[in-house]
Structure formats: C-alpha cells, structure tokens
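Colleague: could you work out the structure for the sequence below:
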Amino acid sequence: MRARFVVTLLFVATTLSAAAPPKPTIENLSATAAQGKVSVRFTLDGAFRNGEMVEALQSGLPTSFTYNVEIYRDRPYWFNDDFGRASVEVICTFNSVTREYLLNYRRDRRLVRSETFTDLAPLVKRMTAIEEPELFEIGTRRPYKLKVRVKADLMRGWLMYVIPWEISTRWRDVRVQPE
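Modeller: Residues are numbered from 1 along each chain as shown. Prediction:
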C-alpha cells in the first residue's frame, strides 16, 4: 500500500512539474564601457509564456517588472567590490475605456518616459528588452576587471492565499567589455 502511495505521489509531482511553464530568465546580457561609462543591454525571456501575466495585464491590474542591475569588481578568492547599483522599473496599466496600454519606465524611482500602446506585441517587447546607455560611471577603473549582474522581480504571488512571495529570475552576470 505504501509503495502504491509513493508511486502515485511521484507521478503527480512529475506531471505537475512537466506542466509548469518554463521560468523566466535574463538573456543576451551585454555590458560595454566607453569613456568611463558602462552601458547595459539585456532581454527577459519567458515572462509572458504563462497566461497569468497576460490576464493580469488585460484585466487592468498594474503589472510591473523590476530589474536590479549591479556593477562590481570581480575578485576571485575574496569578497567582490560592489560600487554601483541601479533599479529599472517597467510598469504597465491597461485603460479599458480607450483600449490602450500605458507604459511607465523608471530608473531609480525617477520617471524616464511614458508611452502608450494599442497592441500587445510591441508592449511585451518594450517591457522585456532593456537598453540602458551610460547606466554606470566607472571613472578610471579598468573595464575588463568589472562585471555586471542582472535579476528581474516579476510579480508577487501568494502561497495558500496568505503568504506573499516574489517571483524572480536568477542572477545573470557578464564581464564588462571595452568598446
């Protein structure tokens, strides 16, 4: 009887894990340094693969992605020397009267730009493809010793309708390339 219970439990667990959508990841991360400043570019892949995100967006709920970007000096066998971090926030709301999406783009809590979209495809591209020219100032530091890492916080979920948790990607890092 116990063996049958264990086999059933394993079957249910593998079925649920196979049916779960792939987790979002940071892709195509690149960082280039020119004239003492570092520019960062990356994409978020898989954020809209599950229908939950699109449903939340089209229902009028404000949907936001927060990208945490850090620059540090990589020191093997010792603590890394963090010297810069930035937060890029992309917030979208749907206006059901005008049938338009309003996208607000913030960097370190300051509004950079606002745009309106009527179609979902260009909105998704704008929310998931980030290009930040001259995001960090490095001064006279040597770029090849620096690394940039990025993580995305997608949305807040609820465990058993009581316990909140953030759905996030893993950190992705890349070495800064001189231009």
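
Colleague: number of nearby residues for K125?
Modeller: A count of nearby residues for K125, using other C-beta atoms under 10 Å, gives 11. For the C-beta atoms, the positions are set from N, CA and C on the backbone; glycine is no exception.

Colleague: how about the CA coordinates for stretch 41-49, as CSV?
Modeller: Extracted as CSV, the C-alpha positions of stretch 41-49 are listed here (Å, rounded to 0.1, in the frame of the first residue of the first chain):
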residue,chain,number,x,y,z
ARG,A,41,21.6,45.7,-22.6
PHE,A,42,19.5,42.5,-21.9
THR,A,43,16.2,40.8,-22.5
LEU,A,44,13.8,39.0,-20.2
ASP,A,45,12.7,35.7,-21.8
GLY,A,46,9.6,33.7,-20.8
ALA,A,47,7.8,36.4,-18.8
PHE,A,48,4.6,36.2,-20.9
ARG,A,49,4.6,32.5,-21.6
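
Colleague: all helices for this protein, in order.
Modeller: 2-19, 51-58, 120-128 (DSSP state H).

Colleague: what is the rounded mean pLDDT of the longest one?
Modeller: Helix 2-19 carries an average pLDDT of 55.

Colleague: cool, and the last one?
Modeller: Regarding helix 120-128, the rounded mean pLDDT is 93.
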